[in-house]
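*Asks:* Fold the following and give me the result.
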Amino acid sequence: MNTPTETRRFEAEVAQVLHLVTHSLYSHKEIFLRELVSNASDACDKLRFESITRPELLAGQPELRIDVNWDKEARTLTIADTGIGMSRDEVIANIGSIASSGTRRFLEALGNEQKADARLIGQFGVGFYSAFVVADRVTVLTRRADAPASEGVRWESDGRGEYTLESVELPDRGTTVILHLKDDEDSFLEGWTLRGLIRKYSDHVAFPIRMPAAKASGDEGDEGEAGAADWETVNDASALWTRPKSEVKDEDYIAFYRSLGHDFNDPAAWTHNRVEGNQSFTTLLYLPSQAPFDLLMGGRDERKGLKLYIKRVFIMDAAEELLPNYLRFVRGVIDADDLPLNVSREILQQNRQLERIRGACVKRVLDLIEKLSRDEPEKFEAFYKAFGNTLKEGIVEDPANRERIAKLLRFASTRGDSDAQDVSLDDYIARMAGDQDTIWTITADGYRAAAGSPQLEAFRARGIEVLLMFDRIDEWMLGHLREYAGKPVRNVAKGELPLDEAGKTKQEEAARAAAPLVERLKSLLGDRVADVRVSSRLTDSPSCLALSDHELAPHLARLLREAGQNVPDSRPTLEINPDHALVQRIGSEGDEARAADLAAILLEQAEIAAGAPLEDPAAFVKRLNRLLAG
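*Replies:* Residues are numbered from 1 along each chain as shown. The predicted structure is shown next:
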């Protein structure tokens, strides 16, 4: 029996999405059909999984399918599935609100575009709302598979901020979405158009997608309900990954990727493999060509794109157990002949079988990236620009594959004159002089800060190449990348620089000659520094900061503090160039107050160059003004 209709308001972010969808001009309007069919497929997958332990859910309606129908007179397009369906609370949660971590970035992306693109919708988990691209009213009829007919739900909205909700009698489980099309969307009432879109975007959905047979209606564009015998399946409805590679064309792989990954772009590369033996499984893994908007932020918390099947039965999306976090950009399918599930049959149990599949997946992905870097450098360059920083996380997270991952990384270098990150560690080693046994790096807050760092001066003077690392993750990564190909990896700003005997002698003589100056600076700077010493790094600049081997770079410490992290305070070590005029002026300055200002400026400019925040910027400005004024 129907209940009184309840009117509810959408949550604020849903209202924003609907406003943009309804009032913006879109290219690729047809994306809505792919998204709604994908949702229907997910619902069928979920029911097939639940029915493993609860076969009664399929009672009286064993077939899992998706039906697409249209009515020209009523101007409606209907997508119906026999999947799991939704309860009243699930309708409110899934349609009345958005839980996607990427929603705000989705809104920003749409709001910042003069002409928004509907293809963005699929990347943020808000695909249902794409219906309002072509419809001015949407009706949803749904009943959960384990609910009685009396607990059906009717949802309806015009996308303007409110929706209605009521309980209705529904004899069949599943969900039916009815789009009341806008006046200028007649093309989506043509059977040939709908068939073409389904074959283009949803051909590899693993459930039959049915439409009224063309011969039953006379003209594919005619409206009318089809009888039980008047439906025809219009998609391939086969699991592409189960077919032999020799039978699958590149265009098939690309079409499947687009339906799987909600992505209009072609994948950068893919790998399709079947492993036979005591444990058999199939993998079809893709490298995207562009990063989703929420890869670095929401991506670590909500990982989607890798689907796990057991004997073609969908088990779970976002199978974290089968790929480590640093490979979360990978899309694809893993289909195992058998894997143990826990009592709830929802979470995979940790065991050797799972470890073997995980190891195989990681190997396949790294093989694929290596092949891309070797055979298609232009594609690899675009891929690395999108996912290089994510890949760097593997240096920390995957010690077993650290060397393989490091081989794939690219950096800028002092040999270049731009911020292009195109130098591999192998490239660097190949260019090392015969007497060089260390891979030298520097980290900074940006390319200019790295390339202009005073710590590089001695290396430039000696013709030693240094890798410039200026991504925020680099300092953290280098804490775990201690060597590569048997060669130590060191930061030019940390620890003592290795010197030959002649260099050591020269350094000791310089330190002895500058001892009085060093002592005066220690006195003038007091507890602002841990130490002052003569530098072997500097040739042109008056000063720089030196760090211990395990000390955080100042720019990273600043970022962590700004993010609310507890970073221990530490006093810097100041290195000086005793040949520089500014340093010599401090030694000869008779006015103690001016000497104190000069010493402070010497320290503060070194802090600025290292990316450290000034303790008192106002005092720095006053000191500078006093010295400039004479």
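*Asks:* Would you point out the helix or strand in the protein whose mean pLDDT is lowest?
*Replies:* When the helices and strands of the chain are scored by mean pLDDT, DSSP states H and E, helix 103-111 comes last with a mean of 52.
*Asks:* Please compute how far the helix or strand that comes right after it lies from its chain's middle.
*Replies:* Once helix 103-111 ends, the next helix or strand along the chain (criterion: DSSP states H and E) is strand 135-143. Computed by Cα atoms, centre = their mean, to the nearest Å, the separation of strand 135-143 from the middle of its chain amounts to 32 Å.
*Asks:* what does strand 135-143 rub up against?
*Replies:* The contact list for strand 135-143 (Cβ atoms under 8 Å, 6 or more residues apart in numbering) reads 77, 85-86, 91, 95, 131-132, 149, 151-159, 168, 170, 172-182, 185. No exception for glycine: its C-beta is placed from N, CA and C like everyone else's.
*Asks:* who does it pair up with?
*Replies:* Looking at strand 135-143 with DSSP bridges, its partner strands are strand 152-157 (antiparallel), strand 174-181 (antiparallel).
*Asks:* now L64: how far from L197?
*Replies:* 21 Å (Cβ to Cβ, to the nearest Å).
*Asks:* Kindly report the same for A269.
*Replies:* Taking Cβ to Cβ, one finds A269 at 27 Å from L197.
*Asks:* now do A131
*Replies:* A131 is 14 Å from L197, where distance means Cβ to Cβ.
*Asks:* Give me the more crowded residue out of the two.
*Replies:* Per other Cβ atoms under 10 Å, whichever of A131 and L197 has more neighbours is A131, with 25 against 19.
*Asks:* so that one touches L36, yeah?
*Replies:* Yes. Counting by Cβ atoms under 8 Å, A131 touches L36, with 6.4 Å between them.
*Asks:* Look at T164 and say how many residues are nearby.
*Replies:* Neighbourhood size, T164 [other Cβ under 10 Å]: 14.
*Asks:* Show the backbone phi and psi for it.
*Replies:* Dihedral angles of T164 (phi, psi; degrees, to the nearest 10) stand at phi -110, psi 150.
*Asks:* Pull the contacting residues for it.
*Replies:* Counting by Cβ under 8 Å, 6+ apart, T164 has contacts T5, E6, T7, R8, R154, W155, E156, S157.
*Asks:* one more time with 6 Å
*Replies:* For T164, the contact set (Cβ atoms under 6 Å, 6 or more residues apart in numbering) comprises T5, T7, E156.
*Asks:* Could you list the domains of this protein?
*Replies:* Domain ranges of the chain: 6-236, 242-377, 410-491, 501-629, per automatic domain parsing.
*Asks:* Tell me how far the third one lies from the chain's centre.
*Replies:* Going back to what we said before, that points to domain 410-491. 26 Å.
*Asks:* For it, measure first residue to last.
*Replies:* 16 Å (Cα to Cα, to the nearest Å).
*Asks:* How many residues are close by T53?
*Replies:* When counting by other Cβ under 10 Å, one arrives at 11 neighbours for T53.
*Asks:* element containing it?
*Replies:* Under the criterion DSSP H and E, no helix or strand holds T53.
*Asks:* Report pLDDT for it.
*Replies:* T53 carries a pLDDT value of 84.
*Asks:* List phi and psi for it.
*Replies:* phi -100, psi -10.
*Asks:* Okay, it and G83: tell me how far apart.
*Replies:* The gap separating T53 from G83 is 17 Å, by Cβ to Cβ.
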